[in-house]
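Undergrad: Let me see the structure of the following:
(one chain, ligands or ions: 1)
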Amino acid sequence: MSDTQSRQIVIAGAGIAGLTAAIAFAQRGYPVKLIEQAQRLEAVGAGIQLSPNATRILRQFGVLDRLMQAAVRPEAVVLKDAATLRELARVPLGQAAEARWQAPYLVAHRADLQDALMASAVETAGIEIITGARVTQAAKTGDGVAAAVETGSRAFSTEGFLLVGADGVWSSIREQVSNRASSTSRFSGELAWRATIGADNAAGRAFAAVGAVSSVTTFLHRGFHMVAYPVSKGAAFNLVAFTKGERIAEGWSGAADPMILAKAMHGTAPELIRLVEDAGAWMAWPIHTVDQQQPWTTPEGIALIGDAAHAMTPFAAQGAAMAIEDAAVLAECVATFPADQATGLRVWENLRRPRVAKVARRGAVNHLAWHATGPVAIARNLFLKTRSPEKLAADLDWLYGWQQQKVIRR
Ligand SMILES: Cc1cc2nc3c(=O)[nH]c(=O)nc-3n(C[C@H](O)[C@H](O)[C@H](O)COP(=O)(O)OP(=O)(O)OC[C@H]3O[C@@H](n4cnc5c(N)ncnc54)[C@H](O)[C@@H]3O)c2cc1C
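TA: As a prediction, the model looks like this:
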């Protein structure tokens, strides 16, 4: 291996995880090859919530100022009963979030996050971005990993001392790491429905009547919840509803029977039903998760990060945040053990597993609580009523207050 190859990082996938990892490694002086299967990087999905544990890292990497130009800093997270539209709980964000967690809570269009990351990656010395190329295989070489890459017209191999699989929930690198039947993703039984509405059209006005236009509002109902928040500096609102459903084609922009959504909303406030009707066409996508028991690294030098490693249900709104944390901690661990990569990867995996598992559990608890019915829903509402906004915020300190620790070599 040449000197450059001996430090070369090859990253498969230029989504949120891959772009953040590219910046994290390049800022530490590693040459990075970032290989993306899409010809053009288009942000899929619609909105994204970015909590302070993620924005703190984006600030450290110089991405946050760019993102702030398009993002919205919501005033609060508000929980509402979808049947009565009664407010059940409120967690203050805005200035309060910044004072408490030392970084902003933001909501943005995914394209805005992707653009801010890409602009920073392009500006950072040492990152080569190759689009329209798919990593298909990984094989051990003398002292590194060779990634087989295919474009429409040619196939080639690229070698590095670390291959980062940041290729999302439908990862092909995961199979190289795991070799287990459980390495494929699992359909969770849930569908996510999304629509983006303009603030100044009928749907936008319908939303203003039921929601809090400057907050993240979650409407709770048995078997259904909907999260709504402003994006694009408040010019539009992102709506995402979750229901049970049949498995549909994998991908972010699918179609499913709109009757599923209509049925799940049975018993919700007429204003909410009107909003969903006025929002126009809803895109559906199947929520897939990845078994977290499988390995995330190999001693030969492959590491899975983001959804490729641990795609989780989005009910804590933390998948992208975990991808960003993964990337920052991975670069730190690899740089701390320059001559002993296997230890660096092991330390990284040991640091990340408990955190990711706890966050995934929080998502499962949220789902249970938000879809509760009967006495459980009554108990939930009582609990929320007795909890002050300050207490509700304090309950999130472990999640949003997370700070990257310096890794020490003993
Ligand atoms: C409905 C919904 C709402 C969500 N809301 C939030 C939220 O509010 N906050 C939050 O933090 N998270 C949220 N998430 C989770 C978040 O979207 C994901 O966790 C995040 O996008 C994962 O990023 P990633 O980079 O790991 O994967 P991806 O974004 O999927 O990126 C993978 C990239 O790899 C490329 N690729 C794939 N295979 C190959 C290959 N073989 N070779 C080269 N390139 C390849 C793909 O084209 C893609 O660009 C939500 C998820 C859903 C489903």
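Undergrad: how does the chain divide into domains?
TA: Listed by automatic domain parsing, the domain ranges of the chain are 1-37+132-185+290-368, 48-123+189-289+372-403.
Undergrad: Need the winner for burial among the ones you listed.
TA: domain 1-37+132-185+290-368 (a mean of 20; mean count of other C-beta atoms under 10 Å). Bear in mind the C-beta positions are built from the backbone N, C-alpha and C, glycine included.
Undergrad: mind checking how far that one is from the chain centre?
TA: If you compare the mean C-alpha spot of domain 1-37+132-185+290-368 with that of the full chain, they lie 15 Å apart, counting by C-alpha atoms, centre = their mean, to the nearest Å.
Undergrad: What helices and strands are in contact with the longest strand seen in the chain?
TA: Of all the segments of type strand in the chain, defined by DSSP state E, the longest one is strand 186-198. Contacting strand 186-198 under the criterion 3 or more C-beta pairs under 8 Å, 6 or more residues apart in numbering; DSSP states H and E are the following elements: helix 202-210, strand 236-244, strand 283-289.
Undergrad: Now tabulate these in JSON lines and tack on distance to residue 33 and mean pLDDT.
TA: Listed next are the helices and strands packed on strand 186-198 as JSON lines, based on distance: least, C-beta to C-beta, whole Å; pLDDT from 0 to 100:
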{"stretch": "helix 202-210", "distance to residue 33": "43", "mean pLDDT": "88"}
{"stretch": "strand 236-244", "distance to residue 33": "33", "mean pLDDT": "94"}
{"stretch": "strand 283-289", "distance to residue 33": "27", "mean pLDDT": "90"}
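Undergrad: which parts of this protein sit against the ligand?
TA: Listed as neighbours of the ligand in the chain under the rule C-beta under 6 Å from any ligand atom: 12-18, 35-38, 48-49, 134-135, 166-168, 172, 192, 240, 287, 306-308, 314, 317-321, 323.
Undergrad: From the centroid of this protein, which residue is nearest?
TA: Here the mean C-alpha position of the chain is nearest to the C-alpha of residue 320 (C-alpha atoms, centre = their mean), at a distance of 2.0 Å.
Undergrad: how about the nearest residue to that residue, chain neighbours excluded?
TA: Ranked by C-beta to C-beta, 6 or more residues apart in numbering and with sequence neighbours excluded, the top spatial neighbour of residue 320 is residue 16, at 4.8 Å.
Undergrad: how close does the one you found get to residue 32?
TA: Residue 16 is 16 Å from residue 32, where distance means C-beta to C-beta, to the nearest Å.
Undergrad: isn't residue 227 right next to residue 211, touching?
TA: No - with contact taken as C-beta atoms under 8 Å, residue 227 and residue 211 are classed as non-touching, separated by 10.4 Å.
Undergrad: any residues in contact with both of the two?
TA: Counting by C-beta atoms under 8 Å, 6 or more residues apart in numbering, the residues touching both residue 227 and residue 211 are residue 217.
Undergrad: What about the residues of the chain next to the ligand, which are in helices?
TA: With helices defined by DSSP state H, the entries of those inside them are 16-18, 307-308, 319-321, 323.
Undergrad: Let me know the closest of the residues you listed to residue 96.
TA: Nearest to residue 96 out of those is residue 321 (C-beta to C-beta; 19.1 Å).
Undergrad: Just give the nearest non-adjacent residue to that closest one, would you?
TA: With C-beta to C-beta, 6+ apart, the residue lying closest to residue 321 is residue 54, at 3.8 Å.
Undergrad: I'd say the one you found and residue 328 touch.
TA: No - taking contacts as C-beta under 8 Å, residue 54 lies outside contact range of residue 328: 9.6 Å.
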